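J.: 3D model of this:
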Amino acid sequence: VSDILARSKLTPPKRISLTQKDMATVKHHWSLIQKWKFTFEESDDKTLLLTGLASVCGRVASVNDFMEFVKELGHFTGGETKPAFVKNVLASNACRYAIMFGDSLTHETCVELISSLSKCEFCFICAHGRPSVIPLIDMNKDVKQSSTIEARAHKDDTKVRDGNLDSAPNVLSDADLMEMTHL
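T.: Numbers count the residues shown, from 1 in each chain. Have a look, this model is predicted:
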């Protein structure tokens, strides 16, 4: 995290008035807030002097991001959590730099990816929660039915590769996908 997450000094520092509940939240989660690179000083029982903001992958959080995190922590019951700002930046970067269809990969890269994916808890969804893998064949389906779908997909893919885009429908129709996934 240290090479992705940094502290950005807030110049001049920003004075923030908090509710009694929010101030209690800040005091209770002081170390967690500091861990996420937000820095501040307590001015009085209802005011903070915000001196630093989190910076993730070069994008600096705002005062509103800090306040959002404090509000989120007020409803938080245990463990650790990430500020929404951090989650959003990481999710955005994860998708932006992801491997896309058509990217050429070496065998070694493929082996490394599969190995890394095997260690992921949610390896088939992107950082935004969208599915990132679609089944091409249902191994429980009748072989003849699956072969027909595969042949149709191959035929359509060939049309796309040959540049005949006008007559090439989507590689698999919605009906094919629903048939394969039993939806």
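J.: So which residues of this structure form helices?
T.: 20-28, 30-35, 63-74, 84-96, 107-117, 143-161, 174-181 (DSSP state H).
J.: wait, doesn't Ser43 sit right on Arg15?
T.: Yes. Using Cβ atoms under 8 Å, Ser43 makes contact with Arg15 at a distance of 6.7 Å. All C-beta spots, glycine's among them, are computed from the backbone N, C-alpha and C.
J.: overlap in contacts of the two?
T.: Leu49 (Cβ atoms under 8 Å, 6 or more residues apart in numbering).
J.: Those two: which is more packed in?
T.: Per other Cβ atoms under 10 Å, whichever of Ser43 and Arg15 has more neighbours is Ser43, with 13 against 10.
J.: Against Thr51, how distant is the more buried one?
T.: Relative to Thr51, Ser43 is positioned 11 Å away (Cβ to Cβ, to the nearest Å).
J.: Poorly predicted segments of the chain, please.
T.: 1-3, 78-79, 127-128, 141-183 (pLDDT under 70).
J.: Determine the longest strand present in it.
T.: strand 5-17 (DSSP state E).
J.: Sheet partners, orientation included, of it?
T.: Strand 5-17 has its sheet partners listed here by DSSP bridges as strand 47-56 (antiparallel).
J.: now what about the partner strand, what contacts it?
T.: 4-10, 13-18, 23, 26, 36-43, 60-63, 65-66, 83, 85-86, 89-90.
J.: List the buried residues for it?
T.: Buried residues in strand 47-56, counting neighbours by 16 or more other Cβ atoms under 10 Å, are found at Leu48, Leu49, Leu50, Thr51, Gly52, Leu53, Ala54, Ser55, Val56.
J.: In PDB, list the C-alpha atoms belonging to it.
T.: C-alpha atoms of strand 47-56 as PDB (Å, rounded to 0.1, in the frame of the first residue of the first chain):
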ATOM      1  CA  THR A  47     -13.300  21.500  15.700                       C
ATOM      2  CA  LEU A  48     -10.500  19.800  13.900                       C
ATOM      3  CA  LEU A  49      -7.700  21.400  12.000                       C
ATOM      4  CA  LEU A  50      -7.200  19.100   8.900                       C
ATOM      5  CA  THR A  51      -3.600  19.300   7.900                       C
ATOM      6  CA  GLY A  52      -3.200  16.400   5.400                       C
ATOM      7  CA  LEU A  53      -5.300  14.400   2.900                       C
ATOM      8  CA  ALA A  54      -4.900  11.000   1.500                       C
ATOM      9  CA  SER A  55      -3.400  10.700  -2.000                       C
ATOM     10  CA  VAL A  56      -4.100   7.500  -3.900                       C
END
